[in-house]
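Asks: show me how the following folds:
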Amino acid sequence: MTRDLPIPADWAEITPEWMTAALAADFPGVRVTAVHVTLRDDGTNRRARLGLEYAGTPGPRSVFVKAADPAHKELIKLTSGMFHEPRLFRSGLPLPVEHPAVHTALIDEEREDFLLVMEDLAERGADPRDATRPLTVDQAADGVRALARLHGTYWGARLEQHPELAWLEPFVPWDGMEIAPLPAALDRLGPDAPPAVLELTIGALIDDIWKPYIASLTTGPQTLLHGDAHIGNTYLLDNARVGFLDWQVTRRGSWSLDLGYFLQGALTVEDRRRAETDLLAEYRAALELPAAELPSAAEIRDGYRASVAHGLTLWLCTASAGELWQRPDIALALAERYAAAYADLDTAGALAAHR
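Replies: Numbering: from 1, shown residues only. Model (predicted):
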């Protein structure tokens, strides 16, 4: 993987020579002759799809690039970590889950900038999902097994055996969400939402639910977390295999964060209620850990119940902000799912047992 290219300030500055060097490790011998910006999708990061042309041996027809946006650097440092994703892919360690191939990961610490050159998943027919298009139970089961493979590979002492991950930070709470206008989100949930959720104040949500759960992630076995495994960071291949993208929030911590955040948001409320016991058993079996390290079924269940705290907090705060951070229909759909799970699973009781 190329490590010493300069990071362009704008996509128009990516020359054929620059892209040839960026692709050289994965596509030796290719020579790019033209680069075209075919799509821009800037948000908290700068993103674009670049069409490519070649002389002689062809490489990928297009790639996807992602870099820091100067306007959002402070937000990224606060909530995500500026360099976690590029450091993860520069490490070269295997990720036993479906994910986009990264051809080049660049870091400029002095400028607080990074850049990733990744495969364009559209070239493999990937189907990006979001909350308006939930997964089926069978699809969610594939995602659950994938997360279990990731967690089992780096479970406990195995994580410490990889000095390439020495930079990996624990998952800890961040400040800022306490300013969210929570009543706006609760109004959008409507009167049929669980009373225990409708009665929440922003102080109770952050200080009594979210922060105690996040604090629990640094106790017990630690593993490599995706860190942001909600359905909006997934895609499907062949309508069956679940892939995970956007690894910017990767951290170390308890397995429960990834499992709960994924499963409770990826399914409809009805499908989750019907299938979650079986899906938790799927996760436990797919960890493939020795008996002495394998969490019991009850431990899996209790950690999963507590994990609703994270999804509920993030998506109530997101839904309270209108269109600022996410499409309102997506934010509301996820807030509704985590709110239902909070009541169904007695998350308050699970959190009390953690203390």
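Asks: can you pull the contacts of residue 91?
Replies: Residues near residue 91 by C-beta atoms under 8 Å, 6 or more residues apart in numbering: 162, 164-165. Every C-beta, even on glycine, is put in place using the N, C-alpha and C of the backbone.
Asks: how many other residues sit next to the residue nearest to residue 322 when sequence neighbours are not counted?
Replies: In space, and not counting its chain neighbours, residue 322 is closest to residue 328: 6.4 Å by C-beta to C-beta, 6 or more residues apart in numbering. Counted with other C-beta atoms under 10 Å, the neighbours of residue 328 add up to 14.
Asks: so residue 328 touches residue 318, yeah?
Replies: No: here residue 328 lies out of contact with residue 318, judged by C-beta atoms under 8 Å, at a distance of 9.3 Å.
Asks: in stretch 241-261, which residues are buried?
Replies: The neighbour-count check on stretch 241-261 (16 or more other C-beta atoms under 10 Å) flags 242-261 as buried.
Asks: my bad, should have said stretch 313-330
Replies: Residues of stretch 313-330 classed as buried: 313-321, 325-326, 330 (neighbour count, 16+ other C-beta under 10 Å).
Asks: span of that stretch from start to end?
Replies: 15 Å (C-alpha to C-alpha, to the nearest Å).
Asks: contacts for that stretch?
Replies: 130-132, 177, 180-186, 188-189, 197, 200, 205-206, 209-210, 232, 265, 331-332, 334-335, 338-339.
Asks: tell me the gap between that stretch and the middle of its chain.
Replies: Counting by C-alpha atoms, centre = their mean, to the nearest Å, stretch 313-330 is centred 16 Å from the centre of its parent chain.
Asks: now rank the contacts of residue 91 by neighbours and give me the top one.
Replies: residue 165 (17 neighbours).
Asks: can you pull out the low-pLDDT segments for this protein?
Replies: Applying pLDDT under 70 to the chain flags the ranges 1-3, 71-80, 324, 355.
Asks: follow-up on the earlier one: so which of the buried residues of stretch 313-330 belong to helices?
Replies: Here DSSP state H is the test, and those give 313-320, 330 as lying in helices.
Asks: closest to residue 47 among the residues you listed?
Replies: residue 330 (17.3 Å; C-beta to C-beta).
Asks: ranges for the strands of the stretch 251-355 of the chain?
Replies: Taking DSSP state E, counting those that start in this stretch, the strands of the stretch 251-355 of the chain run over residues 251-253.
Asks: strands of the chain, residue ranges please.
Replies: Taking DSSP state E, the strands of the chain run over residues 31-40, 45-55, 62-68, 102-108, 113-119, 127-128, 223-225, 234-237, 241-244, 251-253.
Asks: could you single out the most deeply buried of those strands?
Replies: strand 223-225 (a mean of 25; mean count of other C-beta atoms under 10 Å).
Asks: give me the distance from that one to the chain's centre.
Replies: With C-alpha atoms, centre = their mean, you get 12 Å for strand 223-225.
Asks: can you tell me the strand partners of it and which way each runs?
Replies: Each strand that pairs with strand 223-225, with its direction, by DSSP bridges: strand 251-253 (antiparallel).
Asks: contacts for the strand it pairs with next, please.
Replies: Contacts for strand 251-253 (C-beta under 8 Å, 6+ apart): 81, 84, 159, 165, 168-171, 217-218, 222-225, 227.
Asks: out of these, which are buried?
Replies: Taking 16+ other C-beta under 10 Å as the criterion, what is buried in those is 81, 84, 159, 165, 168, 171, 217, 222-225, 227.
Asks: pull the number of nearby residues for residue 290.
Replies: Other residues close to residue 290 by other C-beta under 10 Å number 8.
Asks: quick one: it and residue 121, what's the gap?
Replies: Residue 290 sits 35 Å away from residue 121, going by C-beta to C-beta, to the nearest Å.
Asks: before we move on, what about residue 158?
Replies: 29 Å.
Asks: check residue 216 too.
Replies: 34 Å.
Asks: and for residue 6?
Replies: 26 Å.
Asks: quick one: which of these two has more around it?
Replies: Using other C-beta under 10 Å, the more surrounded residue of residue 6 and residue 121 is residue 121, with 19 against 12.
Asks: what about that one, distance to residue 224?
Replies: 22 Å.
Asks: my read is that residue 98 contacts residue 244, right?
Replies: Yes: using C-beta under 8 Å, residue 98 is in contact with residue 244, at 7.0 Å.
Asks: between these two, which contacts overlap?
Replies: With C-beta under 8 Å, 6+ apart as the test, residue 98 and residue 244 both reach residue 146.
Asks: so residue 269 touches residue 338, yeah?
Replies: No: look at residue 269 against residue 338 with C-beta under 8 Å: they stay out of range, at 9.9 Å.
Asks: ok, those two, which is more surrounded?
Replies: residue 338 (26 against 16).
Asks: ok, now how distant is that one from residue 197?
Replies: 9 Å.
Asks: then residue 132?
Replies: 21 Å.
Asks: who has more neighbours, the two?
Replies: Set residue 132 next to residue 197 and count neighbours by other C-beta under 10 Å: residue 197 wins out with 21 against 12.
Asks: for that one, which non-adjacent residue is closest in space?
Replies: Nearest residue to residue 197 in three dimensions, chain neighbours excluded: residue 339, at 4.5 Å (C-beta to C-beta, 6+ apart).
Asks: great, nothing more from me.
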